[in-house]
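Student: Next comes the sequence, and after it the predicted model I'd like to discuss.
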Amino acid sequence: MARVAGKVALISGGARGMGAAHAELLVAEGAKVVIGDILDAEGEATAARLGDSVRFVHLDVTKPDDWDTAVSAAVDGFGGLDILVNNAGIANFAPIEDYTLEQWNLIIAINLTGTFNGIKAAIPALKKSGHGSIINISSTAGIKGVAALPGYTAAKFAVRGLTKEIAIDLGRYNIRANSIHPGNIRTPMTEGLDVNQSLVPLGRMGDASELSAMVLFLASDESSFSTGAEFIADGGETAGIVPPAV
Ligand code: NAP
């Protein structure tokens, strides 16, 4: 069953990690996909691996002009735009006392303003399609505080809030917007990190494919009445901790 047949998606940060996994599943389910990333070689390789239904464009999400080019690639190359996945993001670590203004400015520019830029660039094309699904990738750090991630936590909370605001403004155009909140997922971002999941109910990290399934649902018409909502896939991390004795 092709659950997103005939739809066109734009995914930021799609060269690798979860963005590449989302592209792969959307294509398998009938979509055409533009992936944008600052990693040109990896992005080109991912597009080549996924075949003719995928195009790569250089996209630095902090640059509105790059976003315009990416939206044009979808419209001119594939005939329109139906789905925007604001996935690009970075993490930078330090407790608040040591966290620098440079770290703060960088992460806000990419994780928050980058999402804002993507939304602004996509709106005209989504309106023209007569419908749309904007999927903003937040985090469990957009639901609860996470140690040594002040900028990341602030940006991911803000992405969650922005999602609710745009759901209100864009509902009249039949454009939906939802946020996704992954727990700890195995990707290049978490490579080498000591991620202890023993206090998380399911007791393990997630796989990118487990988030792609959620992206597919939100991208498809199956989620037609969902907007302004949080979708969590975190192995139970935000439900509460497992007491050591259990
Ligand atoms: P990833 O493997 O690092 O992939 C993110 C991609 O975005 C990378 O290719 C990255 O390039 C790119 N990127 C960075 N800055 C960019 C910019 N200015 N413009 C365009 N692309 C840029 O990370 P991931 O784990 O798949 O994460 C994807 C999303 O999920 C992020 O928003 C992340 O915050 C969120 N998330 C991840 C986890 C997790 O456990 N992995 C948990 C919760 C939420 P560089 O490598 O050069 O930076």
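Tutor: Looks like it arrived, so ask away.

Student: Listing partners with orientation, what would you give for whichever strand in the chain runs longest?
Tutor: Identified as the longest strand of the chain according to DSSP state E is strand 175-182. The pairing partners recorded for strand 175-182 under DSSP bridges are strand 132-137 (parallel), strand 230-233 (parallel).

Student: Could you list the contact residues of the protein toward the ligand?
Tutor: 12-13, 15-19, 37-39, 59-62, 87-90, 110, 114, 137, 139, 182, 184-185, 187-190 (Cβ under 6 Å from any ligand atom). No exception for glycine: its C-beta is placed from N, CA and C like everyone else's.

Student: try 5 Å this time
Tutor: Within the chain, the positions adjacent to the ligand are 13, 15-18, 37-39, 60-61, 87-89, 110, 137, 139, 182, 184-185, 187-190 by Cβ under 5 Å from any ligand atom.

Student: Out of the strands paired with strand 175-182, which is the most enclosed?
Tutor: Most buried of the strands paired with strand 175-182, by mean neighbour count (mean count of other Cβ atoms under 10 Å): strand 132-137, with a mean of 25.

Student: just to revisit the earlier point, which members of the residues of the chain next to the ligand are positioned in helices?
Tutor: Among these, the residues falling in helices (DSSP state H) are Gly17, Met18.

Student: distance between the longest strand of the chain and the chain's centre?
Tutor: Chain-centre distance of strand 175-182: 8 Å, with Cα atoms, centre = their mean, to the nearest Å.

Student: Identify, by residue count, the longest helix of this protein.
Tutor: From DSSP H, the single longest helix across the chain is helix 150-170.

Student: Just the buried residues of that one, please?
Tutor: 150-160, 162-163, 166-167, 170 (16 or more other Cβ atoms under 10 Å).

Student: To Ser53, which of the strands paired with strand 175-182 lies closest?
Tutor: When these are compared by Cβ to Cβ, strand 132-137 sits nearest Ser53, at 18.0 Å.

Student: Mind listing residues that contact that closest one?
Tutor: 18, 81-87, 89, 115, 119, 122, 126, 159-160, 162-163, 166, 170, 173-180, 182, 215, 218-219, 223 (Cβ atoms under 8 Å, 6 or more residues apart in numbering).

Student: and the gap between the most centrally placed residue in the chain and Leu199?
Tutor: Compute the mean C-alpha point of the chain, and by Cα atoms, centre = their mean the closest residue is Asn87, 2.6 Å away. Note on Asn87: its distance to Leu199, by Cβ to Cβ, to the nearest Å, is 27 Å.
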